[in-house]
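Peer 1: Sequence and predicted structure below; questions after.
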Amino acid sequence: MDGNRNGSARDMTIIEPHIHMYSRTTDDYTRMYEQGIRACVEPSFWLGANRRYAGTFWDYFQLILDFETLRARRYGMDHYACVSVNPKEADDTKLAHEVLDGLTPYLDHPRCVAIGEIGFNRITPGEEEIFQRQLEMAKSRGMLILVHTPHDTPEVSKRAGTARILDILRELNYRPERIVVDHNTEDTMPLTRKTDVWAGMTVYPYSKLNPERVGALLKKWGMERMLVNSSADWGVSDPTSLPRVGEFMRRDGFPPEHVEKLLFGNPLAFWSQCEKFRPELNLPYVDPAAYQR
């Protein structure tokens, strides 16, 4: 379909539905382009230290909506973003409410396609309060929702957190096809698949899933309303995880149409529910000599 920057043919186009490019280098953009990734969505996340002022959140939202879109475009990538108070910083409820009080201009931005990531980190009352408010904001505006399920730790059960999330979503009574519950594993997929929300899976080299586990989950639960992403944040992660998933699926006997559905058709279907998401998939890779000074 598309060619890479050296002109050799790619066999498919990939949409990355969840990746934190704020934490990646320009070399990562080049690698992604060379392996067929042509559009991406960047949800709001934690920056490595808790923010102390509402303005630092708003500046971050502006950066991922404006500058990151420009940076990505130079590397042939059409970039969109989601904004929210991430659950890792939701326990400072006074600050979180102040941030949300000023969120409207960023939700209205032409590059904002959802509220997210929202959900749980440690499954605390404060996190639930801020989660609930952001869900109601999304529902009132008819927006897409990206939900973060907690990491499994000795103190936190990912399965329990996912079960609580799904209970809250049922209480919300919002259209499930406009919600993705992300970072599913073998423990949570049976819960998520009992609903009509989209189920996200994340591939990391040393944590979360690998391509083999993604393949096994797809064989068990099917291809409908399934998304896979690299997330690719501050930890050990790979922004080209999706091409690796595609290669494994081919070797494992998945038909080509299933690979294309997972890596292109499904993310296009989910994100295109937002009228702002109309990705340009043939953006040229610009030689850095043209703009780097």
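Peer 2: Noted; the coordinates are in hand.
Peer 1: Show the pLDDT at Val236.
Peer 2: Here, the pLDDT recorded for Val236 equals 86.
Peer 1: Doesn't it lie inside a strand?
Peer 2: No: Val236 is assigned coil when assessed by DSSP: H, G, I helix; E, B strand; the rest coil, not a strand.
Peer 1: what's the pLDDT at the residue lying closest to Ser237 once chain neighbours are set aside?
Peer 2: Counting by CB to CB, 6 or more residues apart in numbering, the nearest residue to Ser237 once its immediate chain neighbours are dropped is Tyr204, at 5.4 Å. Quick note: C-beta positions are derived from backbone N, CA and C, even for glycine. Looking at Tyr204, its pLDDT reads 91.
Peer 1: Near Tyr204, how many other residues are there?
Peer 2: Residues near Tyr204, counting by other CB atoms under 10 Å, number 18.
Peer 1: thinking it is in contact with Asp233, fair?
Peer 2: No: counting by CB atoms under 8 Å, Asp233 is not a contact partner of Tyr204; they are 9.4 Å apart.
Peer 1: Give me the buried positions along the longest helix seen in the chain.
Peer 2: Using DSSP state H, we find that the single longest helix of the chain is helix 125-141. Neighbour-count burial for helix 125-141 flags Glu127, Glu128, Ile130, Phe131, Arg133, Gln134, Leu135, Met137, Ala138, Lys139 (criterion: 16 or more other CB atoms under 10 Å).
Peer 1: Repeat that for stretch 20-35.
Peer 2: By neighbour count with 16+ other CB under 10 Å, stretch 20-35 contains the buried residues 20-24, 28-35.
Peer 1: Make CSV out of the residues you listed and add secondary structure, pLDDT and distance to Tyr106.
Peer 2: Output for the buried residues of stretch 20-35, formatted as CSV (DSSP: H, G, I helix; E, B strand; the rest coil; pLDDT from 0 to 100; distance: CB to CB, whole Å):
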residue, secondary structure, pLDDT, distance to Tyr106
His20, coil, 97, 17
Met21, helix, 96, 17
Tyr22, helix, 95, 15
Ser23, helix, 92, 19
Arg24, coil, 92, 21
Asp28, helix, 95, 24
Tyr29, helix, 96, 23
Thr30, helix, 95, 29
Arg31, helix, 96, 29
Met32, helix, 97, 25
Tyr33, helix, 97, 27
Glu34, helix, 96, 32
Gln35, coil, 97, 31
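Peer 1: which residues in the stretch 151-293 of the chain form helices?
Peer 2: For the stretch 151-293 of the chain, applying DSSP state H, counting those that start in this stretch gives helices covering 158-172, 189-192, 211-221, 241-251, 256-260, 266-271.
Peer 1: Tabulate those helices (JSON lines), appending mean pLDDT and distance to Glu16.
Peer 2: Shown next, in JSON lines, are the helices of the stretch 151-293 of the chain (pLDDT from 0 to 100; distance: least, CB to CB, whole Å):
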{"stretch": "helix 158-172", "mean pLDDT": "98", "distance to Glu16": "23"}
{"stretch": "helix 189-192", "mean pLDDT": "98", "distance to Glu16": "21"}
{"stretch": "helix 211-221", "mean pLDDT": "98", "distance to Glu16": "14"}
{"stretch": "helix 241-251", "mean pLDDT": "97", "distance to Glu16": "6"}
{"stretch": "helix 256-260", "mean pLDDT": "97", "distance to Glu16": "15"}
{"stretch": "helix 266-271", "mean pLDDT": "98", "distance to Glu16": "8"}
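Peer 1: Out of those helices, the one nearest Tyr53 is which?
Peer 2: With CB to CB as the criterion, Tyr53 lies closest to helix 158-172 of the helices of the stretch 151-293 of the chain, at 28.2 Å.
Peer 1: before we move on, back to that, make CSV out of the helices of the stretch 151-293 of the chain and add distance to Asp101.
Peer 2: Below are these laid out as CSV (distance: least, CB to CB, whole Å):
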stretch, distance to Asp101
helix 158-172, 21
helix 189-192, 32
helix 211-221, 39
helix 241-251, 36
helix 256-260, 43
helix 266-271, 27
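Peer 1: for Val113, phi and psi?
Peer 2: The phi/psi pair for Val113 (degrees, to the nearest 10) reads phi -110, psi 0.
Peer 1: Quick check: the gap between it and Pro190.
Peer 2: Remark: distance between Val113 and Pro190 (CB to CB, to the nearest Å) = 29 Å.
Peer 1: Same check on Val286?
Peer 2: Computed as CB to CB, the Val286 to Pro190 distance reads 46 Å.
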